[in-house]
Each structure stands twice: as C-alpha cells, then as structure tokens.
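Trainee: sharing a model prediction with you, sequence too.
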Amino acid sequence: MTSFTELQQQRRTIYALGQNVQQTPEALFELVKSAVRYAPTAFNNQTVRSIVLTGDAHEKLWDIVAKRLKQEVPDETAYQATLAKINASFKAGFGTVLFFTDTAIVKSFEENVPLYAENFQDWSEQGHGIAEYATWLALTEAGLGASLQHYNPLIDEEVAEAFDVPSTWRLRAQLVFGSIEAPAANKDFVGDDERFKYYSK
C-alpha cells in the first residue's frame, strides 16, 4: 500500500497527458466529489465548488481558452506556439476539473461572523488549495497525471455561459488530468536550511 508520503512524492505536474484512462468518467466524477467533500474549510463553510468536464465538454473548455488567448497574443507565430501547447498539454488530456469559490457563502460568513470578516476571503483561498491538492493526490493515487492551470479571469465569462455556472461562483483554477504519456522532469528543491526551522523550547 502506498503511504501518504510516497503519494506526495509521486504527484508531479504532468504536461504530457493522454486519454488512455481505465476509469469511467462517472468514477472520476465520484473521485473528485469525494476529494472536495472531505477537504477542510474554515468554519466548515464549504465554499469550494467544482465542475468536472470530460469528452466534448473538456475539449470545449480548451477551445474557449484558445479562442480567448488569440485576443491576448496578437503575434501569429507566438499564438501558434501557445495553441500548440494548449492542444498538446491540456486538450489532449482526458478531462478538466474547474474549481470555483461560491462568493455568496463567503459574503454570508463575512456578514454573520463580523469578528473574522476580513479573513474569510483568505480562508476561502486556503480551502481551495487544500481541495485542489486533495483532488490532485486522488488522481495520482488512481495512476493519472495532472497539471493545475489558471486561465481565470480571462475565460470566466465564456466558461460561465458554456457550462451554466451560477453567478455567485468565481472561477479559481483548472486541473487538467489524463494518462501519463511521459514522466515529469527532475525537480530541484530549495535547501532545507532556507525553508525550515525547528525549536524544541
């Protein structure tokens, strides 16, 4: 059985993704639901929302990204390089998890728990980090690769229209996943003495 530490070490950003996936889309939807459901949030306010896209819906998302970036990258040569990356690293994958914050919940806690009002936005972002990491680890455990992208807010309006996103949901990240077609490169780490301290008294 893989330990949690081993699972952490296996999780990497994978850009060479494919569609050679053994799990059904429905099983992966349940995997994402479980990972997000059991990820902790401040005051258990459960501000994280997610939409899982596979098949045509997954491809539609990355077509939206490509079309939107065309407006941001007017140089045709540069755009073609961007388009190639989108197609090879993202659209080629099996699916994408869209992560959102339900801003209505954040606002309600700001109003109803005024002592901590200024913290709830930060805490919602922390909840996102945990939910995204939990989902990524769950996908890793399932033998899949993933990479976390942030094309928001450029694509927010188009995504909301395409996937019937409630008006209070704010897009925060896109976790694209699929089969691992090539391993990640070696990862360098900052020295422990620069990152960690320990005191016993």
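Mentor: Here it is on my side, so go on. Residues are numbered from 1 along each chain as shown.
Trainee: state the distance from Ser3 to Ala35.
Mentor: Taking CB to CB, to the nearest Å as the measure, Ser3 falls 18 Å from Ala35. Where C-beta positions appear, they are placed from N, C-alpha and C, glycine not excepted.
Trainee: comparing these two, which residue is more hemmed in?
Mentor: Here Ser3 and Ala35 are set side by side on neighbour count (other CB atoms under 10 Å), and the busier one is Ala35, at 22 against 8.
Trainee: confirm that the more buried one sits in a helix.
Mentor: Yes: according to DSSP: H, G, I helix; E, B strand; the rest coil, Ala35 belongs to a helix.
Trainee: now it: how far from Asp188?
Mentor: Using CB to CB, one obtains 28 Å as the distance from Ala35 to Asp188.
Trainee: before we move on, what about Arg170?
Mentor: Distance from Arg170 to Asp188, counting by CB to CB: 33 Å.
Trainee: comparing these two, which residue is more hemmed in?
Mentor: Neighbour comparison, Arg170 and Asp188: the larger count goes to Arg170, with 19 against 5 (by other CB under 10 Å).
Trainee: what sits against the closest residue in space to that one that isn't next to it in sequence?
Mentor: Leaving out its chain neighbours, the residue that sits closest to Arg170 by CB to CB, 6 or more residues apart in numbering is Thr101, at 4.7 Å. With contacts taken as CB atoms under 8 Å, 6 or more residues apart in numbering, Thr101 has the following neighbours: 47-49, 124-125, 128, 169-170, 172.
Trainee: run the chain-centre distance for the strand or helix carrying Thr101.
Mentor: Assigned by DSSP states H and E, Thr101 falls within strand 95-102. Its chain's C-alpha centre lies 6 Å from the corresponding centre of strand 95-102 when counted by CA atoms, centre = their mean, to the nearest Å.
Trainee: does anything pack onto the next helix or strand along the chain from that strand? Which helices or strands?
Mentor: Later in the chain than strand 95-102, the nearest helix or strand by DSSP H and E is helix 103-112. Helices and strands in packing contact with helix 103-112 are listed as helix 120-141; criterion 3 or more CB pairs under 8 Å, 6 or more residues apart in numbering; DSSP states H and E.
Trainee: and the helix it packs on, what's buried?
Mentor: Counting neighbours by 16 or more other CB atoms under 10 Å, one finds that the buried residues in helix 120-141 are 120, 123-124, 127-128, 130-140.
Trainee: so Arg172, which of the three states?
Mentor: Using three-state DSSP, the three-state assignment for Arg172 comes out as strand.
Trainee: wait, what's in contact with it?
Mentor: Each residue near Arg172 by CB under 8 Å, 6+ apart is listed here: 99-101, 125, 128, 150, 152.
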